[in-house]
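[1] Sequence first, then the predicted structure, then my questions.
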Amino acid sequence: MSNVHKDYQGAKLGMWLFLFTEVLLFGGMFVLYAVYLSRYPAEYHSAGKELNAFIGGLNTVVLLISSYFVALAISFLQRGEQKKAIRYTYLTLFMAVLFLVNKAFEWSAKFSHGIYPDSPHLRELPQGESVFYGLYFLMTGLHGLHVIIGGGVMAFVIYKMKKNEVNSTDFVMLENAGLYWHLVDLIWIFLFPLFYLVI
Amino acid sequence: MEHNKHHIMSVKTATLVLAMLLFLTFVTVAVSRIDLGYLNVIVALALATTKSLFVILFFMHLKYENKMLKLFVFICFLILAIFIGMTFFDVAYR
Amino acid sequence: MQNQTSSPIPSFFEDSGSDRKGILSWILSTDHKRIGLMYLYMVLGMFIIGVCLGLAIRLELFTPGKTIMEAQTYNAVFTLHGVIMIFIVVIPSIPAAFGNIILPIHLGAEDVAFPRLNLFSWWLYMIGTGLALLSLFTGNGPPDTGWTFYVPFSEFTTTNVNTAVFAVFILGFSSILTGLNFITTIHRLRAPGLKWKQLSLFSWSLYATAWIQVLATPILGITVLLILAERVLGVGLFDPNKGGDPILYQHLFWIYSHPAVYIMVLPAMGVVSEIIPVFARKPIFGYKAIAVSSIMIAFAGSLVWAHHMFTSGMSDTAVLIFSLLTFIVAIPSAIKVFNWIATLYKGSIFIEPPLLYALGFIFLFSIGGLTGLVLGSAGTDIHVHDTYFVVSHFHYVIFGGTGFGLFGAMHFWFPKIYGRMYNKNVATTAWAILMIGFNLLYFPLFIIGLQGMPRRYYDYLPEYTLGHQISTVGSWILAVGLIIMFVNLYNGMKSGKKVGRNPWGGATLEWYTPSPPPLLNFDKEPDTFKGPYSFKGVERDE
């Protein structure tokens, strides 16, 4: 086809616009978080103490390091070090999996304590706590879904880099995957203190 | 703003940013152990905002992008702030 | 008459840009014109379904009590009328259909920035539409919540709300991707030398619309997902029994749905801004003011959502502030209307069907806009809230505004798309019948609304019978007008008189290319182009 063309700036602008939609998608839930925080500060406090701040902190570190890896992968790719770029993207993917494993442990612990949406245990707790846990599951769940999608994107870019379709002259796909991944990190930066450290 | 003029982040910069982010995470946890009352939320959010600025400016490369994109990012967060803030015209005065 | 048709380059109807034949060359095409046309046909098809549902509502309301259907059916019919008309017809109508067809040509580009993403949005739109229709026939009966899906009722009704809200999510996603595509296209694909100040006002309005699509639609996405979470997981964020707050649902819903009104009407304003100068043979008056007012509407429109909630039980402070802010939106809307009138003033006007539709837009939209101020001021709103006054206001703005804008766009760009002209006398007749039917249908609703007739009610007091009956008769006249209009356009498409490049004498870039345009839009440099509204040296080419 004659009208296929590569526009580096356009591709990046499009990705940023997509990230804006992600920010506002989560934004709707932050609206709810903020309102209920102002209504149920004490319940937020007591429910937040039940969350495992260690796993939350660990996952924060995991995501930060993964962001670092993908940033390095982009730098290496731009410098023409294809092999290193692939290796660092693999590391990013590995960190994504690590995050999900932690998350799975955390959630299953919660489930085994009878804490899941609409559970009989939650219905006995004060209403503010039930709301807090509802937000916790929905927001970290939606975030987890983004981690899964981001991992899939990383795997796809690795495949493209191995076929040398993404390389030092055409790297925008890895850059955009990186942008997406950083956004996933960014959202977690807010979720972590808001859920695991509420006082 | 074409390929050849593209800014490539050095390993050193990236590592420094990561160190900063990990340090701020540590501070976030440490501060949360002290009871500052209502201030805790504000401090936590201020720290998270600082961290996200590092991620956006360096990892996401916004520092090296053109003014227009910076403006767009600002508008996006401004709109979110408006949506959250103006909802409080209702819930804060009910 | 037969000039120009021997153009050496085949039109986009003949050249699909791939080896695919038949329907596959359409549903897998990345050509913005083909995608735009597919949107247009789907939108019009669903519009006809929506109209039939609307006619059924009017017929039911012909007499108090049961006329043709049961109350539960009635609830489902008005819900579907709303969901189909809003999410499937009006929101994609002008931007996705005519935006796709015209925007790249207005920019002097060969296609949109992301042609494959564009096709993907169309597919999402089709899937969303399919799911919305599926919700009719599956589960426990069609949704009966109204198009707003208000909680707590939408959490507990046993009808098939899940499928419907998921359809809305998918449709929203499609709308987001179209907006994203248009912003990138306008930034990156303007022809070399085409400055921002030379953009057509239609492009400006699409630009403002696209920003609302990108920044507000995700809120709708999360809101309908939250309804799903409420219904499937029982989370309870909006359920007062579990500590939730139903009014927050209304906030989230209107944070999107108020700006969505501007997604609907801004592109129609863009169409009017294109039509008026062409038929007044005058450069548009106040180009900058119209362009900037589009952006202002987009921004101010994001600050006023809670004016839909004055009687919901939210705080009086919020009522005061949102009521005040609402009046701000009137300013940029009025700027546009005044500039259109000023453009017409002392122009050498020639009355053609597109201009009639544009004038119809101005007339009907002004009524809709001014009655909006009655609703925007909290004191009067409390009296008319949730009455037929709102129904009428809304239809004046959206049907009288966006609908007539869409019809205007159809009559304006018809010769460009098909290379043929419809019968202008029949088109004018159809317009006149539509105007009569429209006002007869909706104006009495203002009156019975003021008298206190609540919206969405199945039954009513006998005092309201006359108003309802005039309205229902109006709906029949409107339907006749629509039939004449569609048949006329269909005949024109099949066997209308062939036209040249520029049948109206327009100055924007699409009139420099053959009708219909070739696959890559231009067969030669439009070197006499001086700006979208400078008519000097522009020749009509019928």
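    Now that the structure is in, tell me what you want to look at.
[2] Quick check, central residue of chain C?
    For chain C, the residue sitting closest to the mean C-alpha position, by C-alpha atoms, centre = their mean, is C:Val90 at 3.5 Å.
[3] Apart from its neighbours in sequence, what residue is nearest that residue?
    Nearest residue to C:Val90, sequence neighbours excluded (C-beta to C-beta, 6 or more residues apart in numbering or on different chains): C:Met264, at 4.8 Å. All C-beta spots, glycine's among them, are computed from the backbone N, C-alpha and C.
[4] wait, the one you found sits on C:Phe87?
    No - the criterion here is C-beta atoms under 8 Å, and C:Met264 misses it with C:Phe87 at 10.6 Å.
[5] C:Glu463 touches C:Pro64, doesn't it?
    No - C:Glu463 is beyond contact range of C:Pro64, at 9.6 Å (criterion: C-beta under 8 Å).
[6] The two: which has the busier surroundings?
    Shown here are C:Glu463 and C:Pro64; by other C-beta atoms under 10 Å in any protein chain shown, C:Pro64 has more neighbours (15 against 12).
[7] Double-check that the more buried one belongs to a helix.
    No - assessed by DSSP: H, G, I helix; E, B strand; the rest coil, C:Pro64 does not belong to a helix; its assignment is coil.
[8] Output stretch C:300-319 as PDB, restricted to C-alpha atoms.
    Coordinates of the C-alpha atoms in stretch C:300-319 are reproduced here as PDB (Å, rounded to 0.1, in the frame of the first residue of the first chain):
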ATOM      1  CA  ALA C 300     -16.000  25.100  30.000                       C
ATOM      2  CA  GLY C 301     -18.100  22.000  29.200                       C
ATOM      3  CA  SER C 302     -16.000  20.000  31.500                       C
ATOM      4  CA  LEU C 303     -16.700  22.200  34.500                       C
ATOM      5  CA  VAL C 304     -20.500  22.100  34.600                       C
ATOM      6  CA  TRP C 305     -21.500  18.400  34.900                       C
ATOM      7  CA  ALA C 306     -23.400  18.700  38.200                       C
ATOM      8  CA  HIS C 307     -26.100  20.900  36.800                       C
ATOM      9  CA  HIS C 308     -27.800  17.600  35.900                       C
ATOM     10  CA  MET C 309     -28.100  16.900  39.600                       C
ATOM     11  CA  PHE C 310     -29.700  19.900  41.200                       C
ATOM     12  CA  THR C 311     -32.500  17.800  42.800                       C
ATOM     13  CA  SER C 312     -30.300  14.800  43.600                       C
ATOM     14  CA  GLY C 313     -29.600  15.800  47.200                       C
ATOM     15  CA  MET C 314     -26.100  17.200  46.600                       C
ATOM     16  CA  SER C 315     -24.900  20.200  48.600                       C
ATOM     17  CA  ASP C 316     -26.400  23.600  48.100                       C
ATOM     18  CA  THR C 317     -22.800  25.000  47.600                       C
ATOM     19  CA  ALA C 318     -22.400  22.700  44.600                       C
ATOM     20  CA  VAL C 319     -25.800  23.700  43.200                       C
END
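[9] if I pick residue 153, what's in contact with it?
    No chain in the question, so chain A it is. Taking C-beta atoms under 8 Å, 6 or more residues apart in numbering or on different chains as the contact definition, A:Val153 lies against A:177, A:180-181.
[10] not quite, I wanted chain C
    Applying C-beta under 8 Å, 6+ apart, the residues contacting C:Phe153 are C:Thr145.
[11] Mind giving me the packing neighbours of the lowest-mean-pLDDT helix or strand in chain A?
    Lowest mean confidence among the helices and strands of chain A (mean pLDDT, DSSP states H and E): helix A:120-124, at a mean of 89. Contact partners of helix A:120-124 among helices and strands, from 3 or more C-beta pairs under 8 Å, 6 or more residues apart in numbering or on different chains; DSSP states H and E: helix A:127-162.
[12] quick one, helices of chain A?
    Assigned by DSSP state H, the helices in chain A fall at A:8-39, A:41-50, A:53-78, A:82-112, A:120-124, A:127-162, A:172-191.
[13] what's the following helix or strand after the strand or helix carrying C:Ile48?
    Assigned by DSSP states H and E, C:Ile48 falls within helix C:32-60. The C-terminal neighbour of helix C:32-60 among helices and strands, as given by DSSP H and E, is helix C:71-83.
[14] what about the closest residue to C:Leu28 other than its chain neighbours, which SS state?
    In space, and not counting its chain neighbours, C:Leu28 is closest to C:Arg20: 6.1 Å by C-beta to C-beta, 6+ apart. Put simply, C:Arg20 is coil when judged by three-state DSSP.
[15] my guess is C:Arg20 meets C:Asp31, correct?
    No - distance between C:Arg20 and C:Asp31: 11.4 Å, which falls outside the contact criterion (C-beta under 8 Å).
[16] Between the two, which has more neighbouring residues?
    Relative neighbour count places C:Asp31 above the other of C:Arg20 and C:Asp31, with 29 against 13, counting by other C-beta under 10 Å.
[17] isn't that one right up against C:Pro517?
    No - the criterion here is C-beta under 8 Å, and C:Asp31 misses it with C:Pro517 at 10.2 Å.
[18] OK, now which residue of chain A is nearest to chain C?
    A:Gln127 (2.7 Å; C-beta to the nearest C-beta).
[19] Roughly how far does the closest residue to that residue other than its chain neighbours sit from C:Gly313?
    Nearest non-adjacent residue to A:Gln127, counting by C-beta to C-beta, 6+ apart: C:Gly243, 2.7 Å away. C:Gly243 is 17 Å from C:Gly313, where distance means C-beta to C-beta, to the nearest Å.
[20] ok, which stretches of chain B are helices?
    Under DSSP H, chain B gives helices at B:11-32, B:39-54, B:67-91.
[21] So for the longest one, what gets flagged as buried?
    Taking 16 or more other C-beta atoms under 10 Å in any protein chain shown as the neighbour-count basis, helix B:67-91 is seen to contain the buried residues B:72-73, B:76-77, B:79-80, B:83-84, B:86-91.
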